[in-house]
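Undergrad: coordinates only, sequence not included:
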């Protein structure tokens, strides 16, 4: 695969996730991009079961098992800041066998689904990130097919991103960082998606915490109406 | 903890349960040539295939009595071949009339960073060895005749010594669960290899 950049598009002021996605896709179509089917990237989180922790003597690690419709026969398994294993889909069967050692974190499945657009040598995928039934954000993936070395084409990718993302253009992904001349691989794309999903999960947690705070502060207001 | 025993059900949770049917035997070094000759005649017509593989066995210890075993295998003579990860379940007990050892198996092709990934998951290498030998096929049956070599210095596959003066012979089939007719075909084939080698169902538990 060519060098790819995965980023998050913030939801437009006063608009819903769906409306922002529509704005983006309309911009792409005006540029001249052609719709080419759909895509889906999903991620399941596992953590080491408590029973294994004791004997290993190490903090529980989170393992992500991901799939990408661009590679339907593959399964990607990764640890944050750790190795990314590319395996075939039988890996999912193995995870079922490992049920006693690795447990799926509750309500952890997160996925992004959307349309694929081909614009000359660029493949653009705009997806709605969902956790369960609700949409939580927007993912934008841009791949520059002809090049596999990040440092050789980052500036071109950046220019293209600016043409339709404008001020929301991201910086260079962390995966490009250390190894400038290394050949780009699909595993690097999955790492970017994992980071994006984790960011969206954290944003969601902050939102929920904020709502909790609001609720408790409104309760205390009610209390003050009844002085003892 | 193993997943619930895989019985005769070919499909569980949307995936096909694959079973490995296995018969094993051995021949002394000096009988190898005659066995290879007979196999070349009986098996599918193909270029004689030899292999040199390095296998590492990993264990994950939990609170359960028996650790989870995974086998990681890579080719030493074919560059670019993917690594092979294999899970083998407990042998199915049951039908004494079944001619072959039957156990659930999951085969996964992976990228080269498999050992690093397994260590990150918490697996630890228990032992490793090099297998060098010949591969034959007859329809869906796979016949392997190989010698096991002990690795003297961990990680160094150049420096090995043979474990015994014999070759291990394995006749195996990987098929969906519930296809016991496979073991009859295997038994019939094994009959044709007598008296050069006696292939039989060997329960690994009895050896321990």
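TA: Yep, that arrived. What you see is a predicted model; the values in this text were computed from it and never measured.
Undergrad: contacts, neighbours, all on C-alpha from now
TA: Fine.
Undergrad: What about residue B:58, how many residues nearby?
TA: 22 (other C-alpha atoms under 10 Å in any protein chain shown).
Undergrad: Same check on residue A:162?
TA: 14.
Undergrad: wait, it sits on residue A:169?
TA: Yes. With contact defined as C-alpha atoms under 8 Å, residue A:162 reaches residue A:169; the gap is 5.6 Å.
Undergrad: Show me what residue A:85 is bridged to.
TA: Beta-bridge partners for residue A:85, by DSSP bridges, are residue A:77.
Undergrad: Report the separation between it and residue B:114.
TA: 7 Å (C-alpha to C-alpha, to the nearest Å).
Undergrad: With residue A:76 instead?
TA: For residue A:76, the distance to residue B:114 - C-alpha to C-alpha - is 12 Å.
Undergrad: Enumerate the residues of chain B near chain A.
TA: Within reach of chain A by C-alpha under 8 Å from any C-alpha of the partner chain, chain B has these residues: B:1-3, B:15, B:61-63, B:87, B:106-111, B:113-114, B:116-117, B:120, B:122.
Undergrad: Please tell me how far residue B:109 sits from residue A:85.
TA: 10 Å.
Undergrad: How about residue A:150?
TA: Applying C-alpha to C-alpha, the value for residue A:150 to residue A:85 is 21 Å.
Undergrad: Which stretches in the chain count as strands?
TA: Because you didn't say which chain, this covers chain A. Under the criterion DSSP state E, chain A contains strands at A:3-9, A:34-48, A:62-68, A:74-79, A:84-88, A:102-104, A:110-119, A:122-131, A:134-144.
Undergrad: wait, chain B
TA: Secondary structure of chain B (DSSP E): strands located at B:11-12, B:15-16, B:18-28, B:49-60, B:68-75, B:83-91, B:101-110, B:124-138, B:141-151, B:160-162, B:166-176.
Undergrad: With respect to residue A:90, which of the ones you listed lies nearest?
TA: If you check each of the strands of chain B against residue A:90 by C-alpha to C-alpha, strand B:101-110 wins as the nearest, at 5.6 Å.
Undergrad: what angle separates that closest one from strand B:18-28?
TA: Orientation of strand B:101-110 against strand B:18-28 (axes from the mean of the first three to the mean of the last three C-alpha atoms, to 10 degrees) gives an angle of 100 degrees.
Undergrad: same for strand B:101-110, what does it pack against?
TA: Here strand B:101-110 touches strand A:84-88, helix A:90-97, strand B:18-28, strand B:83-91, going by 3 or more C-alpha pairs under 8 Å, 6 or more residues apart in numbering or on different chains; DSSP states H and E.
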